[in-house]
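> This is a predicted model, with the sequence first.
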Amino acid sequence: MIQTKLKGMGVALITPFKEDESVDYDALMRLVDYQLQNNTDFLCVLGTTAETPTLSANEKKKIQEMVIERVNGKIPILLGVGGNCTKSVVDALKTGNYDGVDAILSVVPYYNKPSQEGIYQHYKAISEASPRPIVLYNVPGRTGVNMKAETTLRIAHDFKNVIAVKEASGDITQMDDIIKNKPADFDVISGDDGITFPLITLGAVGIISVIGNAFPREFSRMVRLALQGDYANALTIHHKFAELFKLLFVDGNPAGVKAMLNAMGMIENKLRLPLVPTRITTFEAMRKILNELNIKC
């Protein structure tokens, strides 16, 4: 079952760019290898962290194909297919090639601020069209609207191919409500590195991580320890990363994690406008912490 696959530490894969802002496909393949070699449980491809809104259709298609070929079935792939035009998302799900894709991550429609009923009807249409299981993605800080617990639960109960929610509302009470009242075969996945530990203690099954791009081995160990109930050792690792969690998002995502990966010598520190790299002060603060953690800079 796909539910058993999307547990643990998934990584929201970045898109590396060259100095001329073209996609650095060689660096992307190195990053995929790095994830495969360092205990990442699944990959989230073409999500927010991939700067997907700035990628062309051809670039997205090539990234999808290259990552699937490189992973070669070793770990599951969750593919971002979302938008704020329901018909466009439905058309993409009906006409796209999803060979090698294990599940679809689809964000709550952004900008046009649908009602809770509108969100429900959006996912109803997606559920009926999707060739793969669906993971909901609630991130009100980006979409402008919060999918409330009762809406998530209504969708989870009504559509059997909706198997999980990536929750990034920051509202622990809301997440706990979903965990307590969800169907047995529906999972809650953290969408926020900083609250992964407490959310797992409440019953979440893992994380779709940003920091895992840079530290897959260390962060997946924290997730696995927490899932095994070894909270003391998991908490030690959580605290070790606490300062990096703050720096990661102070200048926006994925600027923070791209700066980390650049400091580690893995990619160019390039983003596509309207996103820009982290400030020098943030970059230097990260470099100092990486040195303290004995991670190569």
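On my side now, so go ahead.
> Beyond the worst-scoring helix or strand of the chain on mean pLDDT, next helix or strand please.
Least confident helix or strand, the chain: helix 2-5 with a mean of 66, by mean pLDDT, DSSP states H and E. Per DSSP states H and E, the first helix or strand lying C-terminal to helix 2-5 is strand 8-12.
> Next secondary structure after that following strand?
Note on strand 8-12: by DSSP H and E, the next helix or strand toward the C-terminus is helix 25-36.
> For the spatially closest residue to A242 that is not a sequence neighbour, which three-state class applies?
Among residues not flanking A242 along the chain, G194 sits closest, at 7.7 Å (CB to CB, 6 or more residues apart in numbering). Where C-beta positions appear, they are placed from N, C-alpha and C, glycine not excepted. Look at G194: counting by DSSP: H, G, I helix; E, B strand; the rest coil, its state is helix.
> mind starting the numbering at 55 from now?
Understood, numbering begins at 55; the last thing we discussed is G248.
> since we're on G248, how many residues are nearby?
For G248, the count of nearby residues is 18 (other CB atoms under 10 Å).
> List the residues that contact it.
A296, F299, K300 (CB atoms under 8 Å, 6 or more residues apart in numbering).
> Excluding chain neighbours, what is closest to the last one?
When the adjacent residues along the chain are set aside, K300 lies closest to G248, with 7.9 Å between them (CB to CB, 6+ apart).
> Let me see the ranges of the strands in this structure.
Remark: strands assigned in the chain by DSSP state E are 62-66, 96-99, 131-134, 157-161, 188-192, 216-221, 241-244, 260-263.
> Please name the bridge partners of V99.
Applying DSSP bridges to V99 gives these bridge partners: L133.
> quick one on the thing from earlier: per-residue pLDDT, the residue nearest to A296?
Note on G248: pLDDT of 94.
> next one: K342
86.
> Quick check: the gap between it and L301.
Separation of K342 from L301 (CB to CB, to the nearest Å): 10 Å.
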